[in-house]
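Peer 1: All I have is the shape, not the residue letters:
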């Protein structure tokens with residue numbers, strides 16, 4: 001049974017097919033960068049600043065050991081325990097990024113804080129439980145930065161055929177294992193790799209965009225506008241509205257606005273940050289004429305369809 005107050009070092013053990021003790025330097029540096037990024041994100045989640053020092057590698061395959069300092073011993077031990085769980089827990093079913101994309105699986109800010117506060121209280125009272133460690137590990141595992149960093153880690157390992165498996169665990173100050181290694185074998189490496197970094201499209205209804213530069217000719221050109229104080233370029237996917245503009249049924253002047261369903265397209269980059277890749281207007285609901293908004297035909301149709309679906313949902317909910 002693991003003692004959550006004694007781990008002071010984190011160990012990553014590479015097992016090789018050829019029983020050697022050497023490793024490609026570029027692959028090793030990439031793996032080190034990703035595992036340290038994971039540990040750093042865990043520390044940030046707990047609002048703890050830590051210092052990590054690399055120690056001399058041990059034999060037996062190849063063992064990387066990092067000593068943790070600059071924080072309470074109990075906190076450091078917990079970070080090590082969580083890091084071991086998070087970096088070795090094999091995803092089941094859908095990829096972790098697909099789980100992240102499902103809104104119902106995202107923890108509320110309040111729930112996240114409750115779990116973290118419970119862990120901090122246990123650290124303070126020196127009564128850390130495996131259940132709380134597991135819950136915080138679950139929380140951390142859903143962080144997009146950690147998902148991507150793990151994907152990067154296992155992608156590097158998957159392409160480096162020499163590594164047959166890896167093991168991670170905590171060590172005490174004298175390098176004695178405080179818990180058994182958590183093993184990930186080569187056939188499971190691919191399960192950690194994110195196949196697509198594209199996030200679900202976010203739809204904002206009744207978004208108001210001030211038109212800065214409309215597209216007044218046919219072609220695949222971007223409109224320019226201001227949305228919530230930010231300048232954006234966007235595609236006009238509402239063909240009816242576009243035709244009205246081209247046929248001069250609709251004209252624009254300084255301060256012209258549209259009310260629309262705005263689609264925001266985004267992805268997660270290589271370090272786990274959400275990056276907006278584009279905007280598109282799906283349906284123009286209302287167009288400003290003079291100083292007031294006037295509903296468009298497609299806007300009226302869109303809202304009628306939405307109301308009909310809502311009514312049908314209420315009807316079936318009562319059965």
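Peer 2: The structure has been received and is ready for your questions. All values reported here derive from a predicted model rather than from experimental measurement.
Peer 1: Where does the prediction get shaky in this protein?
Peer 2: In the predicted model of the chain, residues 1-5, 58-60, 93-110, 112, 313-319 satisfy pLDDT under 70.
Peer 1: Can you identify each of the helices in it by residue range?
Peer 2: Using DSSP state H, the helices found in the chain span residues 25-45, 73-88, 96-101, 109-125, 130-141, 144-159, 239-246, 297-317.
Peer 1: contacting residues for residue 303?
Peer 2: Each residue near residue 303 by CB atoms under 8 Å, 6 or more residues apart in numbering is listed here: 285, 295. Glycine gets a C-beta too; all of them are placed from N, C-alpha and C.
Peer 1: thinking again about what came up before, looking at the helices of the chain, which one is packed in the most?
Peer 2: Neighbour counts (mean count of other CB atoms under 10 Å) averaged over each of these peak at helix 73-88, with a mean of 24.
Peer 1: okay, the angle between that helix and helix 109-125?
Peer 2: If you take axes from the mean of the first three to the mean of the last three CA atoms, to 10 degrees, helix 73-88 sits at 130 degrees to helix 109-125.
Peer 1: tell me which strands and helices helix 73-88 is in contact with?
Peer 2: If contacts are counted by 3 or more CB pairs under 8 Å, 6 or more residues apart in numbering; DSSP states H and E, helix 73-88 sits against strand 9-16, helix 25-45, strand 62-69, helix 109-125, helix 130-141, helix 144-159, strand 163-171, strand 182-185.
Peer 1: Looking at those, which is nearest to residue 228?
Peer 2: helix 109-125 (21.2 Å; CB to CB).
Peer 1: Would you mind pulling up the elements that that closest one packs against?
Peer 2: helix 73-88, helix 130-141.
Peer 1: Could you export those as TSV, including distance to residue 251?
Peer 2: Output for the helices and strands packed on helix 109-125, formatted as TSV (distance: least, CB to CB, whole Å):
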stretch	distance to residue 251
helix 73-88	56
helix 130-141	53
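Peer 1: how about those helices, which one is nearest residue 189?
Peer 2: That would be, of the helices and strands packed on helix 109-125 and by CB to CB, helix 73-88, which comes in at 11.5 Å.
Peer 1: Now the terminal residues of stretch 21-29, how far apart.
Peer 2: 15 Å (CA to CA, to the nearest Å).
Peer 1: Which residues does that stretch contact?
Peer 2: So stretch 21-29 is contacted by 14, 16, 59, 60, 61, 62, 64, 156, 157, 160, 162, 163 (CB under 8 Å, 6+ apart).
Peer 1: Go ahead and build a ChimeraX selection from the buried members of these.
Peer 2: Here is the ChimeraX selection string for the buried members of the contacts of stretch 21-29, based on 16 or more other CB atoms under 10 Å:
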select :14,16,61,62,64,156,157,160,163
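Peer 1: ok, residue 141 touching residue 147?
Peer 2: Yes - between residue 141 and residue 147 there is a contact under CB atoms under 8 Å: 7.5 Å.
Peer 1: Using a markdown table, lay out the helices and strands packed on helix 73-88 together with distance to residue 295.
Peer 2: Formatted as a markdown table, these follow (distance: least, CB to CB, whole Å):
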| stretch | distance to residue 295 |
| --- | --- |
| strand 9-16 | 60 |
| helix 25-45 | 46 |
| strand 62-69 | 61 |
| helix 109-125 | 36 |
| helix 130-141 | 44 |
| helix 144-159 | 38 |
| strand 163-171 | 59 |
| strand 182-185 | 57 |
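Peer 1: Throw the helices of the chain into JSON lines and include distance to residue 206, thanks.
Peer 2: Below are the helices of the chain laid out as JSON lines (distance: least, CB to CB, whole Å):
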{"stretch": "helix 25-45", "distance to residue 206": "35"}
{"stretch": "helix 73-88", "distance to residue 206": "40"}
{"stretch": "helix 96-101", "distance to residue 206": "24"}
{"stretch": "helix 109-125", "distance to residue 206": "25"}
{"stretch": "helix 130-141", "distance to residue 206": "33"}
{"stretch": "helix 144-159", "distance to residue 206": "28"}
{"stretch": "helix 239-246", "distance to residue 206": "16"}
{"stretch": "helix 297-317", "distance to residue 206": "10"}
